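> return a 3D structure for these sequence lines:
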Amino acid sequence: MSSEPSPSEPPAPPTPPLAPAAQLRQLMAQHFSKEELSAVCFDLGVDYDSLPGDGTAAKVVEIIEYFARQGRIKALIQLCAAQRAQTDWQPLLQAAQDQPNAFRSDVVEVPIGKDGVVLPANKALRLGFVAGIVAVLLLVCGFGGGLVAGQVVNVSIKPVPVDKASLQNVQFSIQRPGSSRPDNFTPASAGGTFDQVISVIGGSQLPPRSKVGFWMNNIQATTYADQILNSLPNPPASDIHVQFLDEMATVNLRPAATGGRRVLIAYNVEVRNGKVQLRPQSAWLNVVEIPGTTFGWAPLPLSSVEDVTQWLQGQLATAASSFWFEEVTVKPNLVTIKGRSL
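Predicted structure coming up:
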């Protein structure tokens, strides 16, 4: 008696590749002990014990998150690669170069189409009244000329943190007239403060035609902007955060004019006649702030953020009254500023 062949089971679906952050977490947990992780952090100037998390696995996650937020994820991977050369770290190094935000859990990509924010289906909240609010706002605001069509903008769900100590590590370069080489330093290495260095550069304390350059990441720029904002008697906004993207800078803040709701403005930054010019490209209002989701960002007409732009432009002019800008280069998590004293 012949038996019928049993139906073959369908093949299991292929396992999707791990995200770069997950790959890095696995490699670090596999190849480094707790003591070795502490040494890695020490070599990169970070106190291992100050990072949250209990156990090696939790610490690895916090280490990755910390260096990703600081814009130093590539440095972390490079050190790991140097110490564990038998392991292939090249794909992760490439990911750190091309997609540094892929190592962060607090940043998502929001596609901006010609008709506004394209909300991913898995992020859209199915609440009728909330959807109605957004729809009404979109109809009121319109889409005329205020959007960056076809681009993808990284919007931080957890905004860039303020870290006063980070300003002491801003990299500066000053070459005085007649000097054959520039002085490269940080406020910490020079035994001063960031404010003292900026007052020297922006004021008239340097010899005329001194060449100046400095570099700031997101956290340093956010901390400086927050410091300026909090020094004003009647600030026009609060809770400011700065992010540098590819050839674009975004300012994320809570203007008083919007009732304190969060607004994100994307700027092109260019130099004209020795001054920095901010040209707004698009603006968004967070209608309903829901932690952990991009839902609720709706486009605003650029005319609604003119006061913010004018305020930012005025602050730049005041801070650099005796400085001639020659070049401003914006890259992900980094702005390079070069010029000379007047």
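> which residues touch stretch 226-240?
Stretch 226-240 is contacted from outside by 159, 162, 164, 222, 225, 251-257, 260, 262, 307-308, 311, 315, 319, using CB atoms under 8 Å, 6 or more residues apart in numbering. The C-beta positions use only the backbone N, C-alpha and C, and glycine is treated the same way.
> first residue to last residue on that stretch, what's the distance there?
With CA to CA, to the nearest Å as the measure, stretch 226-240 spans 6 Å from end to end.
> hang on, the earlier thing: buried subset of the contacts of stretch 226-240 as a ChimeraX selection?
Buried residues within the contacts of stretch 226-240, by 16 or more other CB atoms under 10 Å, are selected in ChimeraX with:
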select :159,162,222,225,251,252,253,254,255,262,308,311
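> in strands, which of the contacts of stretch 226-240 fall?
Judged by DSSP state E, the subset of the contacts of stretch 226-240 located in strands is Val251, Asn252, Leu253, Arg254, Pro255.
> okay, and the closest residue to the first one other than its chain neighbours sits in which element?
Ranked by CB to CB, 6 or more residues apart in numbering and with sequence neighbours excluded, the top spatial neighbour of Val251 is Ile265, at 5.1 Å. Assigned by DSSP states H and E, Ile265 belongs to strand 263-272.
> tell me, how many residues neighbour Gln281?
If you count neighbours by other CB atoms under 10 Å, Gln281 ends up with 19.
> measure the residue most central in space within the chain to Gln175 for me?
Most central in the chain under CA atoms, centre = their mean is Gln243, positioned 3.6 Å from the mean C-alpha point. From Gln243 over to Gln175 the distance is 30 Å, taken as CB to CB, to the nearest Å.
> ok, Gln26 next?
Counting by CB to CB, the gap from Gln26 to Gln175 is 46 Å.
> the helices in the protein, which residues?
20-31, 34-43, 56-69, 73-83, 90-98, 128-141, 187-190, 194-202, 218-230, 306-319 (DSSP state H).
> could you list the low-pLDDT ranges of the stretch 51-200 of the chain?
Confidence mapping of the stretch 51-200 of the chain against pLDDT under 70 gives the ranges 105-158.
> would you agree the residue nearest to the centre of the chain is in contact with Asn217?
No - look at Gln243 against Asn217 with CB atoms under 8 Å: they stay out of range, at 9.8 Å.
> skipping its backbone neighbours, what lies nearest Ile198 in space?
Ala319 (7.0 Å).
> residue contacts, that neighbour?
Counting by CB under 8 Å, 6+ apart, Ala319 makes contact with Ile198, Gly202, Ile228.
> show me which of those residues are buried.
The neighbour count (16+ other CB under 10 Å) marks Ile198, Gly202 as buried among the contacts of Ala319.
> packing partners of the lengthiest strand in the chain?
The longest strand of the chain (DSSP E) is strand 275-286. In terms of contacts (3 or more CB pairs under 8 Å, 6 or more residues apart in numbering; DSSP states H and E), strand 275-286 is packed against strand 263-272, strand 297-300, helix 306-319, strand 323-331.
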